[in-house]
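**Student:** Here's a sequence, model it:
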Amino acid sequence: MKARQIRERVHWLGAVDWDRRLFDSLIPLPDGTSYNAYLVRGSEKTVLLDSVDPPMADVLMFQLESVPHIDYVVAHHAEQDHSGAIPQVLQKYPGAQVVTTPKGKEMLADLLPIPAERFVTVDDGETLSLGDRTLEFIHTPWVHWPETMVTYLPQERILFSCDFFGSHVATTDLYVTDEARVYEAAKRYYAEIMMPFRKIIRKNLDKLEGRAIDLIAPSHGPIYDRPAFIVDAYREWVADAPQNVVVLPYISMHGSTRRMVEYLVSALAERGVTVHQFDLAVTDIGKLAITLVDAATIVIGTPTVHRGPHPSVFYAAHLANALRPKARFASIVGSYGWSSQAVEQIAGLIPNLDVEVLAPVLVKGFPRAADFQALEELAAAIAQKHAELGLA
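**Tutor:** Below you'll find the model as predicted:
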């Protein structure tokens, strides 16, 4: 794809990865992704902001064939999908310097063969003159690594945000045209990599206040020409208050746990609680992560395998613990044949979750009348807890 003009002397560069379906050998990419870089020409200096994932470096280098000179390469984030092609850019432009945070210099030196003398570090709020244009660098640590920053171009009122506000979407649209599609992709992106740092991200959102922003140009997905759309969404996602939602990941081997889950979902629905049910044998983990953003309660359903939870439940519990959602309550339902330590083992897997654990319902064999009554009581307890938070 050719370079595309955003403003006079401001261009999108990069690559659209239509066919990629897995990121970091972990994160599903149902809609592919893009690796966005940007070129800004001032009256005196030219800067490239970020690069692309190394397998697509040839696309960026083709786009740069018509660019005779680059003075600076801004590295907002050291992760290789943004920084990986920087060595090739530096080889083409031997006078160019890499502009990054002090922590970014340290991390880039560890990850890439960039000589120390090619770096220029910038402090939070520092500016760089390109002549008739100025770049302001704003440190935004833990969005989503410790070295991250964003760049503001005041003359064009553009925020180059790197992973901040990103969405894994492959599209020919330069700007957001389908807000519903991008909202889900951006929420998935937030859930999978940003959610563990939501309290710090809230502070970084505050650092952007007071700047007139007409465009937000992220490193993944289309450009936001209505910045309030994504900023307001982020403010909702990072807020402390959850919604009247239960997320229920489960797995069942012989039908007992499934029957319990179905009954509990029905009992919760009768009480006005929204439930997202996920069969871990087939579910898209990204979809599960999206629902965790808003959930007030997490209920895990598991059969017993060698006295512990099913291995798929181990993975789901570890995921929830790593993502640190804002959920306030948790419980466990499931079945066993002769003995079980599933409750104790799952509890040990989620130390990062600041939740109140509601009475679990563990059944020997197939659930019977008394077990269904216990599920009714669990549903009532969840609905009551939500009501006490003002969520009902």
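**Student:** Can I get stretch 2-9 in CSV, CA atoms only?
**Tutor:** Output for stretch 2-9, consisting of C-alpha atoms alone and laid out as CSV, is shown next (Å, rounded to 0.1, in the frame of the first residue of the first chain):
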residue,chain,number,x,y,z
LYS,A,2,1.2,3.5,-0.9
ALA,A,3,1.7,6.3,1.6
ARG,A,4,-1.5,8.3,2.2
GLN,A,5,-1.9,11.9,3.1
ILE,A,6,-3.5,12.9,6.4
ARG,A,7,-2.6,16.6,6.3
GLU,A,8,-0.2,18.7,4.2
ARG,A,9,3.2,17.2,4.8
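**Student:** buried set for it?
**Tutor:** Neighbour-count burial for stretch 2-9, with 16 or more other C-beta atoms under 10 Å as criterion, is recorded at 3, 6, 9. Using the backbone N, CA and C atoms, a C-beta is placed for each residue, glycine as well.
**Student:** Quickly name whichever of those residues is closest to T302.
**Tutor:** Of all these, I6 has the smallest distance to T302: 49.7 Å, by C-beta to C-beta.
**Student:** so when I look at the closest one, I'm seeing a strand, right?
**Tutor:** Yes - secondary structure assignment (DSSP: H, G, I helix; E, B strand; the rest coil) places I6 inside a strand.
**Student:** I'd guessed it sits against A37; true?
**Tutor:** No - taking contact to mean C-beta atoms under 8 Å, the distance of 12.0 Å between I6 and A37 leaves them out of contact.
**Student:** Find the residues that touch each one of those two.
**Tutor:** With contacts defined as C-beta atoms under 8 Å, 6 or more residues apart in numbering, the residues adjacent to both I6 and A37 are W12.
**Student:** follow-up on the earlier one: between the buried residues of stretch 2-9, which sits nearest I285?
**Tutor:** Closest approach between the buried residues of stretch 2-9 and I285, by C-beta to C-beta: I6, at 34.0 Å.
**Student:** need the contact list for the closest residue to that closest one other than its chain neighbours.
**Tutor:** With sequence-adjacent residues excluded and distances taken as C-beta to C-beta, 6 or more residues apart in numbering, I6 is closest to W12, at 5.7 Å. Contact partners of W12, counting by C-beta under 8 Å, 6+ apart, are 3-6, 36-38, 174, 217, 223.
**Student:** Report the distance from the longest strand seen in the chain to the chain centre.
**Tutor:** Secondary structure of the chain per DSSP state E: the longest strand is strand 295-305. Taking C-alpha atoms, centre = their mean, to the nearest Å, one finds strand 295-305 lying 23 Å from the centre of the chain it belongs to.
**Student:** Give the other helices and strands that the strand or helix carrying E344 contacts.
**Tutor:** Under the criterion DSSP states H and E, the helix or strand holding E344 is helix 342-349. Contacting helix 342-349 under the criterion 3 or more C-beta pairs under 8 Å, 6 or more residues apart in numbering; DSSP states H and E are the following elements: strand 295-305, strand 308-309, helix 311-323, strand 329-336.
**Student:** still on that earlier bit, would you format the contacts of W12 as JSON lines with pLDDT and distance to E388 included?
**Tutor:** Below are the contacts of W12 laid out as JSON lines (pLDDT from 0 to 100; distance: C-beta to C-beta, whole Å):
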{"residue": "A3", "pLDDT": "96", "distance to E388": "55"}
{"residue": "R4", "pLDDT": "97", "distance to E388": "52"}
{"residue": "Q5", "pLDDT": "98", "distance to E388": "54"}
{"residue": "I6", "pLDDT": "98", "distance to E388": "49"}
{"residue": "N36", "pLDDT": "98", "distance to E388": "44"}
{"residue": "A37", "pLDDT": "98", "distance to E388": "49"}
{"residue": "Y38", "pLDDT": "98", "distance to E388": "48"}
{"residue": "L174", "pLDDT": "97", "distance to E388": "47"}
{"residue": "A217", "pLDDT": "98", "distance to E388": "43"}
{"residue": "I223", "pLDDT": "98", "distance to E388": "42"}
